[in-house]
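Undergrad: Pasting the sequence and the predicted coordinates here, then a few questions.
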Amino acid sequence: MTGDQIARALYLGILGLAIAGSVLVSGRENLNRTVQQAMIWLFIFLGVIGAYGLWGDISRDVAGGQAQRADGRISVPLARDGHYYLTLQVNGVDVAFVIDTGASSVVLTQSDARALGFDPIALDYNGVAMTANGSVSTATITLDRVSLGDQTDLAVPAFVNGGTMDQSLLGMSYLNRFAHIEISNNYMVLTR
């Protein structure tokens, strides 16, 4: 804590003691009722502080955690785990992606590729990608249609990961289609 924070905490502590002492002295005759009312106010005070401190999380949760579209901009809320997630419609199927600005391409898990009609076993894994966990084999595919809201892109190149992966990655080959990408106030804002 800084010196200012310590001084502020000390001041609030002394002020709180003065108020509590004043309440106790004025309510000596009916001490039980005074303590009961003080506890009610304490819980109200703690509830307001808690709601204020969690307001950002609460508002993101109420918004549903999915992208919001307005004025040609797509605002993607930051998830609790520190990542940004989008669900895009790929070839008519909803696919959940984690936005990964460190990935150069769109990379699908084998299960997402299967859901899109690709047979992961029959694909030709002749490419190699360097990941944080080492190298992994990849197969090149083309996604016929990728839609985010009213924006549709055709013939989007992608890869299928030859290894295991928790979630498909939305990399820079797709993100570069946006004119502007901004991260501000726990939102990633994409503008075409």
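TA: Ah, there it is.
Undergrad: so L88 touches I99, yeah?
TA: No. Judged on C-beta atoms under 8 Å, L88 makes no contact with I99 at a distance of 10.6 Å. C-beta here means a position set from N, CA and C on the backbone, and glycine is covered the same way.
Undergrad: Have a look at the two and say which one is more surrounded.
TA: Looking at L88 and I99 with other C-beta atoms under 10 Å, you find the greater number of neighbours at L88, namely 24 against 19.
Undergrad: which residue packs closest to the more buried one, ignoring adjacent ones?
TA: In space, L88 comes closest to L148 once its chain neighbours are excluded; the distance is 5.2 Å by C-beta to C-beta, 6 or more residues apart in numbering.
Undergrad: Identify the bridge partners of that neighbour.
TA: Q151 (DSSP bridges).
Undergrad: Would you mind measuring from it to F118?
TA: Between L148 and F118 the computed distance is 21 Å (C-beta to C-beta, to the nearest Å).
Undergrad: tell me the domain ranges of the chain?
TA: 3-62, 68-191 (automatic domain parsing).
Undergrad: deepest of those domains, which one?
TA: Each of the domains of the chain was assessed for mean neighbour count using mean count of other C-beta atoms under 10 Å. The highest is domain 68-191, with a mean of 16.
Undergrad: Quick one: end-to-end distance for that one.
TA: Across its full length, domain 68-191 reaches 12 Å between end residues, using C-alpha to C-alpha, to the nearest Å.
Undergrad: which residue packs closest to the most centrally placed residue in the chain, ignoring adjacent ones?
TA: Among the residues of the chain, the one closest to the centroid is A79, at 1.6 Å (C-alpha atoms, centre = their mean). Of all residues not flanking A79 in the chain, Y85 sits nearest, at 5.7 Å (C-beta to C-beta, 6+ apart).
Undergrad: these two touch, right, the one you found and I99?
TA: Yes. Under the criterion of C-beta under 8 Å, Y85 is in contact with I99, at a separation of 7.0 Å.
Undergrad: Thanks a lot, catch you later.
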